[in-house]
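Asker: take this sequence and fold it.
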Amino acid sequence: MAAFCAHAKLNSLCVVSSATSLTLSSNGSCGRGRMRNGRGRNFLIVRAASSPTEVASNGVGATVKMPSYEEGQLERPRWTGETPLSRLVGALISFKPLYSVLKLGARQVLISTAEKTNIPWREMTREILESEVYKELDNVQNLSIVYPEYYLNPFHAYDEGNLSWLAAAEAEAATMSMVRRAIPDASSLDEANQIVRGNWLKAIEQHHQQFSGNTTIKYILDVGCSVGVSTRYLANKFPFAKVTGLDLSPYFLAVAQFKEKEGTPRKNPISWVHANGEDTGLPAKSFDLVSIAYVIHECPARAIVNLVKEALRLLRPGGTFAVTDNSPKSKILQELSPVLFTLMKSTEPFLDEYYLSDLEGIMREAGFVNVRTILTDPRHRTVTATVPH
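Answerer: The predicted structure is shown next:
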């Protein structure tokens, strides 16, 4: 399970309500500004949080209004599911010679557009591949893992999917690109992260404060942690918690551990676990927060159900479950051009199953309560829920 999301290669518009929405920065000041999209219209850009360090320093417990984003007219994009358009795209992708061209094109678009936004994709990849990261593999790899069949499929234009050093080396740059494309008018990657990561963390924090019965977040599990980007954000937001990152790819975990060792030592070091999020083998009722970020669009429907059930098992009463991923109701995603959604579907084999899944219903059926969904940026929703007390 990776943070390397194919939607990273797609263009988007930043659409934010004009209502005033403020959040405290690390120095106690409020930040907001206005940007212009390509059509010359003004939109409010909310300074929701910043880098992982500043996200952590924002006042825990502060109540701030979550910015609102524009939804589309449909329940899901027309290019998903069993629509004629979806079937046409599926037929094109199933034609192997064309699929190979699409796969190569998707990869080239992703790399070139990332570098146009000052993300040094090739340089970052080279630094990882030429580092001592390979020594970490033996420390994180669980040789008894049996990979589910769907995980062995090609993902994201990699024939080996997430089970390769190249995918692991490129994952962080791809994640940066995803954030930049979610907020294309942001002046920098840091500003885009203030919105994308900041609103996600804010949604988690506010849900837990409202429904947890005053329980403290002491233990966090990040399922599908990839190379640890989301894990580090969680660890910095909740510095007193013990955080565990779990992923099916030992290559991703090796990069995560390598990068964490290069950083500033933490009071509570992050633990890395090589396991299947559908059946982790971790003790029941051992976490206060289980988070899954940008993962389930890569999973078949049966895996999504299993991930939700496993999260319920792992959480303590009053614990919070949070999933952030593509929003079926995103106006931006519903209005993608045919070229862009065809490229996206060519590298995401289970995208239709994701968009056809009723995630909120799956959570309720598993036993979660207080299920809430909010668009936390123009492309992504965060769905939060609580384990009954």
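Asker: where does pLDDT dip in the chain?
Answerer: By pLDDT under 70, the weakly predicted segments of the chain are 1-64, 99, 339.
Asker: at the geometric centre of it, which residue do we find?
Answerer: Tyr294 (2.7 Å; CA atoms, centre = their mean).
Asker: so how far is Val255 from that residue?
Answerer: Taking CB to CB, to the nearest Å as the measure, Tyr294 falls 16 Å from Val255. C-beta coordinates here come from the backbone N, C-alpha and C atoms, glycine included.
Asker: cool, Ser291 as well?
Answerer: Taken as CB to CB, the span from Ser291 to Val255 is 19 Å.
Asker: and for Glu75?
Answerer: Spatial separation of Glu75 from Val255 under the definition CB to CB is 37 Å.
Asker: so the two - more neighbours on which side?
Answerer: Neighbours were counted for Glu75 and for Val255 using other CB atoms under 10 Å; Val255 has more, 27 against 13.
Asker: touching, the more buried one and Glu170? I think so.
Answerer: No: Val255 is not in contact with Glu170 according to CB atoms under 8 Å; the separation is 9.9 Å.
Asker: what about the helices in the stretch 151-300 of the chain?
Answerer: According to DSSP state H, counting those that start in this stretch, the stretch 151-300 of the chain carries its helices in the segments 165-182, 189-211, 229-237, 250-262.
Asker: hang on, Thr382 is in a strand, isn't it?
Answerer: Yes: inclusion of Thr382 in a strand is indicated when DSSP: H, G, I helix; E, B strand; the rest coil is applied.
Asker: is it true that it touches Thr373?
Answerer: Yes: at 7.5 Å, Thr382 and Thr373 qualify as touching, with contact defined as CB under 8 Å.
Asker: higher neighbour count, those two?
Answerer: A direct count of neighbours by other CB under 10 Å for Thr382 and Thr373 places Thr382 higher, at 25 against 17.
Asker: how much space separates the more buried one from Tyr150?
Answerer: With CB to CB as the criterion, Thr382 and Tyr150 are 24 Å apart.
Asker: residues in contact with Leu74?
Answerer: With contacts taken as CB atoms under 8 Å, 6 or more residues apart in numbering, Leu74 has the following neighbours: 329, 334.
Asker: before we move on, what about Ile270?
Answerer: Ile270 is in contact with 228, 231-232, 235, 243-245, 256, 260, counting by CB under 8 Å, 6+ apart.
Asker: got the contact list for the residue lying closest to Thr80 once chain neighbours are set aside?
Answerer: Spatial nearest neighbour of Thr80, excluding adjacent residues (CB to CB, 6 or more residues apart in numbering): Tyr355 at 3.9 Å. Shown here is Tyr355, whose contacts under the criterion CB under 8 Å, 6+ apart are 76-77, 80-81, 326, 328.
Asker: got it, and Val305?
Answerer: Contacts were defined as CB under 8 Å, 6+ apart; by that measure Val305 touches 362, 366.
Asker: name the SS class of it, please.
Answerer: Using three-state DSSP, the structure places Val305 in helix.
Asker: against Gly228, how distant is it?
Answerer: Distance, Val305 to Gly228, using CB to CB: 26 Å.
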